[in-house]
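# Sequence unavailable; structure follows:
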C-alpha cells in the first residue's frame, strides 16, 4: 500500500503520550494519526488540536464513541458523553468518529442491539450539525461480551441503511480487517458497502492467537490476505487513510520507534 | 430442557476414560453420550461399542471427522482417516459424525474453504453407504486459525445445500450454541436449516472469557439466552439429543461427578 496512506492508530504505540506519538509520526514521515480519547484528555483538547495542526498531521479518526448498551446506564448520560466525542472529533478535524457500540451486559442480546440502534439515532443529528461523520465499526464476535454487540459488516450496514438517509453522508462503516476478515459474506458485504466506508484499519491475525483483545499481529505476521482485502475495500471507493491498529502486549513491550519502522515497512509490503 | 434429552459430550469430563464416562452416565441417569475418537481409540472400538451397548446408552455423535484444510496433507490420507471415523460412527450406532472442517494454515482462505467442500464431497458417498450422517459444525470465528474455516451457520448450510442432494439425508449441520449465538443472522439461518439440523450442543459464553478454546461456561453462567435458542432450534424440527459440551480448564479441575450434578441441574433450568 502507498505509504502516503498510512495513518498511525495511537494504540499501536500505547506507551506514548499524544505528544510523543505526534513527534513519532514526524520522525517516521507518517502523515496521519488516529487519536484515542483518553490520550486527548491527558493532553487537553486544545493542546491536542494545536499539536496535530502544527505537525501538519491529518487526523483519520477519533477512537471512540459508542458504548450504548449498558441497561443500567442513563441514556442521556451516554448521549452526553458521545456528544463530547463528536465535539472532540470536530475540533481535531477528524475524518470520522469511530463507534464501538458496546458489549452485552446480560442475556438480552436483541435488547442490547436495540439500544445501539437508538443510541446512534439519537447521536446522529448532533454529528451532522457538527459536520462529523460517524463510523460504525463491527468488532470480532469474540469481543461481544467486552466491547461490541455489532459483530459483522452486514449488521453495521443494516444500521447505516436504516439511519443514514435522515442525515446523508454522516453515517457509515469502519472496516477493520482484524474484525471482519473471517466472514464468508465479506466480499458480498463490501460490495454492498460501496460509498459507505469511512475508514479502513489493518493489523494481522496470528495463527496462535492467545488473547481475545491484545494479541494482534503486525501485517505480514499472520493469516490474513491483506492485499486481497485492500483491493476489495478499494472497490467500495474508499481511498482515504489506512490506519495501522495493533493492540498487542508483545509489541507494546518493544521500543515504539522500532515498531514504527516495522509498521512502515510492512505497510508497503503486506497491505 | 427435558433431562431425557441430555447427552454428555465426553469432553466435559475430559479426565475420565470412556469406561469412566459410561459409568458416570449410568450413575447420573444420563441416557446418551457423545464420544471422542481419541477416547474410542484408547478403549478400543469393539470394547467401546460393547460398553455403550451394555449400558443402554444412545450415542448422539462421534467427535470428530473433518480437518480437510492442510494444503500439505495428502487428500487420500485425509479421506482414509475420515472413512475410519465413519466406520467408528457406524459401529457405535451414532446419530451423527461431527465434522470439524479444519483450520486455516496459510493466507489462502478461499483455497482452504474449497478443500473443505471437496473433502466433504469425497467423504459423503462413504458415509451414505455406511448409513452414517455427517454434521457440519460451524465453529466460532476466533477458532479459524486452529480448528475451522467454516465459521457461520449460513456457510455450513451453503455446503449442505450444494452437496446433500446427491446423498439425501446424509449431510446436515450441527448447531453448537457457543459457536453461533453471536450471529445476527442466526434466527434467519435456523429457519433456513429446517430439517437439516443433526445435533444441538450447549454450554455458555462467559462475560470474561479468557481463552479461545477452553474457557466455556456451564449453562446459566454466561451471556447466552439458551431457552430462546432452544426454541429456535426446536422450530427447525430437531428433537434429538442435546449435548452438553463444556471445554473448560476450570471445570476439568473439578470432581467430574460434581460437574455432572451441576450440568444435569442447569440443563433442566437453563436450556
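Noted; the coordinates are in hand. Just so we're clear, the structure is a prediction, and the values are computed from it rather than from any experiment.
# Up against chain B, what does the stretch 151-271 of chain A have?
Residues of the stretch 151-271 of chain A found near chain B (C-beta under 8 Å from any C-beta of the partner chain) are A:151-152, A:154-155, A:158, A:181-185, A:205-210, A:212, A:222-225. Quick note: C-beta positions are derived from backbone N, CA and C, even for glycine.
# List the buried residues of stretch A:233-251.
Of all the residues in stretch A:233-251, those buried under the rule 16 or more other C-beta atoms under 10 Å in any protein chain shown are A:233, A:236, A:238, A:240-248, A:251.
# Now do the end-to-end distance for it.
Taking C-alpha to C-alpha, to the nearest Å, stretch A:233-251 runs 27 Å from one end to the other.
# for stretch A:55-75, same thing?
End-to-end span of stretch A:55-75 (C-alpha to C-alpha): 37 Å.
# and what of stretch A:189-206?
One end of stretch A:189-206 to the other measures 24 Å (C-alpha to C-alpha).
# Determine how far it lies from the middle of the whole chain.
Mean-position distance between stretch A:189-206 and its chain equals 10 Å (C-alpha atoms, centre = their mean, to the nearest Å).
# How about stretch A:8-24?
15 Å.
# Equivalent analysis for stretch A:125-145, please.
Put simply, stretch A:125-145 sits 8 Å off its chain's centre (C-alpha atoms, centre = their mean).
# ditto for stretch A:254-266
Per C-alpha atoms, centre = their mean, the centroid offset for stretch A:254-266 relative to its chain is 20 Å.
# what is the mean pLDDT for it?
Mean pLDDT, stretch A:254-266: 98.
# for the longest helix along chain A, packing partners?
If you go by DSSP state H, chain A has its longest helix at helix A:109-130. Contacts defined by 3 or more C-beta pairs under 8 Å, 6 or more residues apart in numbering or on different chains; DSSP states H and E place helix A:109-130 against strand A:58-66, helix A:75-92, strand A:133-136, helix A:153-163, strand A:171-176.
# Give the buried residues for that helix.
A:109, A:112-113, A:115-117, A:119-120, A:122-124, A:126-128, A:130.
# Please report how far the spatially most central residue of chain A lies from chain B.
Taking C-alpha atoms, centre = their mean, the centroid of chain A lies closest to residue A:98, which sits 5.0 Å from it. According to C-beta to the nearest C-beta, to the nearest Å, residue A:98 and chain B sit 20 Å apart.
# what's the neighbour count on the closest residue to that residue other than its chain neighbours?
Counting by C-beta to C-beta, 6 or more residues apart in numbering or on different chains, the nearest residue to residue A:98 once its immediate chain neighbours are dropped is residue A:64, at 4.5 Å. If you count neighbours by other C-beta atoms under 10 Å in any protein chain shown, residue A:64 ends up with 20.
# The one 5 residues further on now?
Under the neighbour criterion other C-beta under 10 Å, residue A:69 is assigned a count of 26.
# What residues does it make contact with?
By C-beta atoms under 8 Å, 6 or more residues apart in numbering or on different chains, the residues touching residue A:69 are A:101-105, A:112, A:115-116, A:149.
# Need phi/psi at it.
Main-chain torsions, residue A:69, degrees, to the nearest 10: phi -100, psi -10.
# which residues does the nearest residue to it once chain neighbours are set aside contact?
Using C-beta to C-beta, 6+ apart and skipping residues adjacent in sequence, the residue nearest residue A:69 is residue A:102, 3.2 Å away. Each residue near residue A:102 by C-beta under 8 Å, 6+ apart is listed here: A:66-70, A:112, A:115-116, A:119, A:147-149.
# before we move on, which element is residue A:232 in?
Here residue A:232 sits within helix A:226-235, counting by DSSP states H and E.
# next one: residue A:51
Assigned by DSSP H and E, residue A:51 falls within helix A:45-54.
# Give the buried residues for that helix.
Of the residues in helix A:45-54, A:48-49, A:51-52 count as buried by neighbour count, 16+ other C-beta under 10 Å.
# just checking, what packs against it?
helix A:18-27, strand A:32-36, helix A:37-43, helix A:75-92.
# which other residues reach stretch A:71-87?
For stretch A:71-87, the surrounding residues in contact (C-beta under 8 Å, 6+ apart) are A:37, A:62, A:64-68, A:70, A:97, A:105-106, A:108, A:111-112, A:115, A:118-119, A:122-123, A:126-127, A:130, A:132.
# Please disregard the earlier target; I meant stretch A:47-58.
Under the contact criterion C-beta under 8 Å, 6+ apart, stretch A:47-58 has outside partners A:7, A:18-19, A:22-23, A:25-26, A:31-33, A:35, A:39-40, A:43, A:59, A:91-93, A:95, A:241.
# Based on its surroundings, how many neighbours for the closest residue to residue A:130 other than its chain neighbours?
Of all residues not flanking residue A:130 in the chain, residue A:90 sits nearest, at 4.4 Å (C-beta to C-beta, 6+ apart). Applying other C-beta under 10 Å, we find 17 residues neighbouring residue A:90.
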